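Colleague: Provided below are the primary sequence and the corresponding predicted coordinates.
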There are 2 protein chains.
Amino acid sequence: MPLELDLQQADFATAFEAFLAHGRDQEHSVRGVVEAILADVAAHGDAAVIDYTQRFDRMTLTPETMRFGADEIAAARAACDRETLAALEMAAARIRAFHEIQKPKDHHHRDAEGVELGYRWTAIEAAGLYVPGGRASYPSSVLMNAIPAKVAGVDRLVMVVPSPDGLINPLVLAAAALAGVDEIYRIGGAQAVAALAYGTAVIAPVDKIVGPGNAYVAEAKRQVFGRVGIDTIAGPSEILVVADGANDPAFIAADLLSQAEHDSAAQSILITDDKAFADAVKAAIAGHLETLPRAAIASQSWADHGAVIVVGDLMADAPALVNRLAPEHLELAVDDPHGMAGKIRHAGAIFLGRYTPEAIGDYVAGPNHVLPTSRAARFSSGLSVLDFMKRTTLVGCDPQSLARIGPAAALLARAEGLGAHERSVLIRLETKAENPA
Amino acid sequence: MPLELDLQQADFATAFEAFLAHGRDQEHSVRGVVEAILADVAAHGDAAVIDYTQRFDRMTLTPETMRFGADEIAAARAACDRETLAALEMAAARIRAFHEIQKPKDHHHRDAEGVELGYRWTAIEAAGLYVPGGRASYPSSVLMNAIPAKVAGVDRLVMVVPSPDGLINPLVLAAAALAGVDEIYRIGGAQAVAALAYGTAVIAPVDKIVGPGNAYVAEAKRQVFGRVGIDTIAGPSEILVVADGANDPAFIAADLLSQAEHDSAAQSILITDDKAFADAVKAAIAGHLETLPRAAIASQSWADHGAVIVVGDLMADAPALVNRLAPEHLELAVDDPHGMAGKIRHAGAIFLGRYTPEAIGDYVAGPNHVLPTSRAARFSSGLSVLDFMKRTTLVGCDPQSLARIGPAAALLARAEGLGAHERSVLIRLETKAENPA
């Protein structure tokens, strides 16, 4: 049964903290295993990648067959249902439009001292995109990861997706083609992350690696971080729904289950001010579960990690709890969703009102569905165009402006015991007279 | 002696690649040690922190004395040289002004389908700042790390700085006070990172940890990444100077040494089209080294990691080499620095013209001096206000707009086998009639 908490109960604070602390990540350490795989691929390149693919995916590859051919991708696309392809194209267009808005602006100005200052944004040259295989191989995730990279201006977008026993979801290849992915390799796991980070004879190295994966993939990304950039490490998905009694319990029940069905480690939380409504939602969940294809996973997630929190006054009590939970997805199914959203500081994505199910954001709304999990919304954001760009700052002095700000720099350099720093400024100030710019 | 390469030489490509591959990080693995320290602090809190501080810093602390008192900070400030304090204040004002410009804008709009879309930026609540102790304890770094956090709106900025044998640089405390740091603890190493990440009875946990440190600190940040956010992992500093023969060799020599004096693992590279000028710079370096306080470190860095690359045509040949090197600091001491800057894609910070020594950016120019090292400029940026903020996306549908984009979402959910996702959309479309928003 899901946890039940009431803000009125005497030990609420303690119980809530315990709930916050209750982890969902399967924390078996894979550090050593991953370390060995990375070292092996770094040393032996494609041979090691092919060997691990044989072992883990039961796939026999050669340097020639590691990459999907244009013909295979075209064939996959042709094999897809037309209506679904059209929906995928609509999603891609909406995601592209929203991400275009995120493109950052450069800046330049000359300040009062005559110093030229500014910054400039440029795209990462080569990015790697990890796409899980098997059951969690989602075309929507391909769009959500690949489109921001292409909007940013990444030249070379390299996708890796394992195809255990040779199985691959044709929609995943179609989505990759639609999003403009440049190269696709049928490899996965830590060995694929290693290939992207170190490069092999077949796969040129990339500068940054993004995309979700299992514990081995996450640990591999952690270990190659520094040599390449990575996105935040994704944990199990979660949803927090704040709903008053005026909602249809069946709507809210479906929303809670839409996270629960992802993974038995996923989490769904309801905060309401109406105990009777909470009971109606629980009943509706039981009803939905009778007919849902992934009922087994969803019911286990709901039973193990689900929670219902009843408060006295939603607008007054909910925001503080939401901010402590810092949810990946937040639905505000209340009369004044904007008013409540204004009180929320930590959330990956907010879904406003009774007619904005979280699933709309997973596919077609436009904002990214790659969002910070496990309370990471406290310090990180969903995937965006900025994750595929970087900023270069610019400074320009002439003899006159250097004369104005240089002495302070020389003084601080001296205070830090950095004599060459000091000299590099003073020597220019001294020779300014004879040697104008 | 520094490496010498000539673009004309037959084996230039091979030699240049070898130079790129030549690592400077002292890669002794500290993973196990750090893992043990983190686990110990997570389990035993302050007691473990105090124990490690005794062991590594030869300092006996109690929960009462871990934190610097307002009186100690005031006393430190009073002990500082007035002129240096004034320079520090000027630096702080200029850094604050430049970072204010970086504050991101929120966005909201309603699209053609009537869907409300937007994103909102909010500050991280609590941030931790690691400041190295001993010789590398720089007040300028305190300003560069703390000011962006405060400009972003971080509520609680917590600084840790080890004071081995009780020694602390008063200017570091003065800089922290000037920058608005809220709490300062006299601890360091992996144990300080652990205290910030997990929290102890004395130190409340933070959401993100930034700041440079030794190999133990870097590895500790890597291991706590996910539970808290971290900045990029900093390696040894580097400078790349592109200079034509019209420069004063003594200027350029001082600039190259201003990186070399940081650390024997630092790197200074000169790219020029004038062999005679290159020789003059080398002679000037030898001259400077006779009188510089940190000559021993600087000369070792120059000998072990320095390089001079002679090319035929600076404007035509240098940019491609610069982009491959993706330097932390790039000086363009040429006639048309803006023209050349336009051809540079990967660099942390660019210093324009003959009168902009890199040191000006270390202290008073305004842009941040925390920059991506070891070619990380390929995928990351210098520290900025954005590093202390995160973005929440917003989506709002009403029954009408949901009716327009919902069917495609339901179709994709079905294609991905996610029945509850599909239902959460369809159930609203079906009941739309009876149940308007």
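Modeller: Structure's in. What do you need? As the structure is a computational prediction, the values presented were derived from the model and not from experiment. Numbers count the residues shown, from 1 in each chain, chains lettered A, B, ... in the order given.
Colleague: so the closest residue to chain B within the stretch 51-200 of chain A versus B:Ala409, what's the distance?
Modeller: Using Cβ to the nearest Cβ, the single residue of the stretch 51-200 of chain A nearest to chain B is A:Ala87, 3.9 Å away. C-beta: built from backbone N, CA, C; applies to glycine. Distance, A:Ala87 to B:Ala409, using Cβ to Cβ, to the nearest Å: 8 Å.
Colleague: spit out the residues that contact these two alike.
Modeller: Residues within reach of A:Ala87 and of B:Ala409 at once, by Cβ atoms under 8 Å, 6 or more residues apart in numbering or on different chains, are A:363-364.
Colleague: for the stretch 51-200 of chain A, which residues are neighbours of chain B?
Modeller: Counting by Cβ under 8 Å from any Cβ of the partner chain, the stretch 51-200 of chain A comes close to chain B at A:81, A:83-84, A:86-88, A:90-91, A:94, A:97-98, A:101-102, A:107, A:109, A:111, A:115-117, A:119, A:122, A:124-125, A:135, A:138-140, A:171.
Colleague: report the buried members of those.
Modeller: Buried by 16 or more other Cβ atoms under 10 Å in any protein chain shown: A:84, A:87-88, A:90-91, A:94, A:98, A:102, A:107, A:111, A:115-117, A:119, A:122, A:124-125, A:138-140, A:171, out of those.
Colleague: would you map the strands across chain A?
Modeller: For chain A, applying DSSP state E gives strands covering A:3-6, A:107-110, A:116-123, A:126-130, A:156-160, A:183-185, A:208-210, A:229-230, A:238-243, A:267-272, A:307-310, A:329-333, A:349-352, A:389-396.
Colleague: in a markdown table, list those along with mean pLDDT.
Modeller: Listed next are the strands of chain A as a markdown table, based on pLDDT from 0 to 100:
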| stretch | mean pLDDT |
| --- | --- |
| strand A:3-6 | 88 |
| strand A:107-110 | 97 |
| strand A:116-123 | 98 |
| strand A:126-130 | 97 |
| strand A:156-160 | 98 |
| strand A:183-185 | 98 |
| strand A:208-210 | 97 |
| strand A:229-230 | 92 |
| strand A:238-243 | 97 |
| strand A:267-272 | 96 |
| strand A:307-310 | 95 |
| strand A:329-333 | 98 |
| strand A:349-352 | 98 |
| strand A:389-396 | 98 |
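Colleague: returning to what we had before: the buried ones among the residues of the stretch 51-200 of chain A next to chain B in helices, which ones?
Modeller: Counting by DSSP state H, these place A:84, A:87-88, A:90-91, A:94, A:98, A:139-140, A:171 in helices.
Colleague: among the residues you listed, which one lies nearest to B:Trp302?
Modeller: A:Phe98 (49.8 Å; Cβ to Cβ).
Colleague: excluding its backbone neighbours, what's nearest that closest one?
Modeller: Ranked by Cβ to Cβ, 6 or more residues apart in numbering or on different chains and with sequence neighbours excluded, the top spatial neighbour of A:Phe98 is A:Gly366, at 3.2 Å.
Colleague: separation between that neighbour and B:Asp71?
Modeller: For A:Gly366 relative to B:Asp71 (Cβ to Cβ), the value is 54 Å.
Colleague: looking at the two, which is more packed in?
Modeller: A:Gly366 (24 against 8; other Cβ atoms under 10 Å in any protein chain shown).
Colleague: OK, contacts around the more buried one?
Modeller: A:94-95, A:97-99, B:111, B:115, B:117, B:395.
Colleague: distance check, A:Leu394 against chain B.
Modeller: 5 Å (Cβ to the nearest Cβ, to the nearest Å).
Colleague: what is the neighbour count of that residue?
Modeller: Quick note: A:Leu394 (other Cβ under 10 Å) scores 27 neighbours.
Colleague: show me what it is bridged to.
Modeller: Legend: beta-bridge partners of A:Leu394 under DSSP bridges are A:Gly118, B:Ile350.
Colleague: name the surrounding residues that touch the helix or strand of chain A with the lowest mean pLDDT.
Modeller: Here the helix or strand of chain A ranked lowest by mean pLDDT, DSSP states H and E is helix A:12-21, holding a mean of 86. For helix A:12-21, contacts defined as Cβ under 8 Å, 6+ apart pick out A:3, A:5-6, A:9, A:307, A:309, A:321, A:324-325, A:375.
Colleague: chain center to that helix, what's the gap?
Modeller: 27 Å (Cα atoms, centre = their mean, to the nearest Å).
Colleague: for it, buried residues please.
Modeller: If you call a residue buried by 16+ other Cβ under 10 Å, then helix A:12-21 has these buried ones: A:15-16, A:19.
Colleague: can you put those in a markdown table and add distance to A:Ala43?
Modeller: Listed next are these as a markdown table, based on distance: Cβ to Cβ, whole Å:
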| residue | distance to A:Ala43 |
| --- | --- |
| A:Ala15 | 51 |
| A:Phe16 | 49 |
| A:Phe19 | 46 |
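Colleague: and which of those is nearest B:Val41?
Modeller: Nearest member of the buried residues of helix A:12-21 to B:Val41, counting by Cβ to Cβ, is A:Phe19, at 23.9 Å.
Colleague: and the residue most central in space within chain A, what pLDDT?
Modeller: Taking Cα atoms, centre = their mean, the centroid of chain A lies closest to A:Val370, which sits 3.7 Å from it. With respect to pLDDT, A:Val370 has a value of 93.
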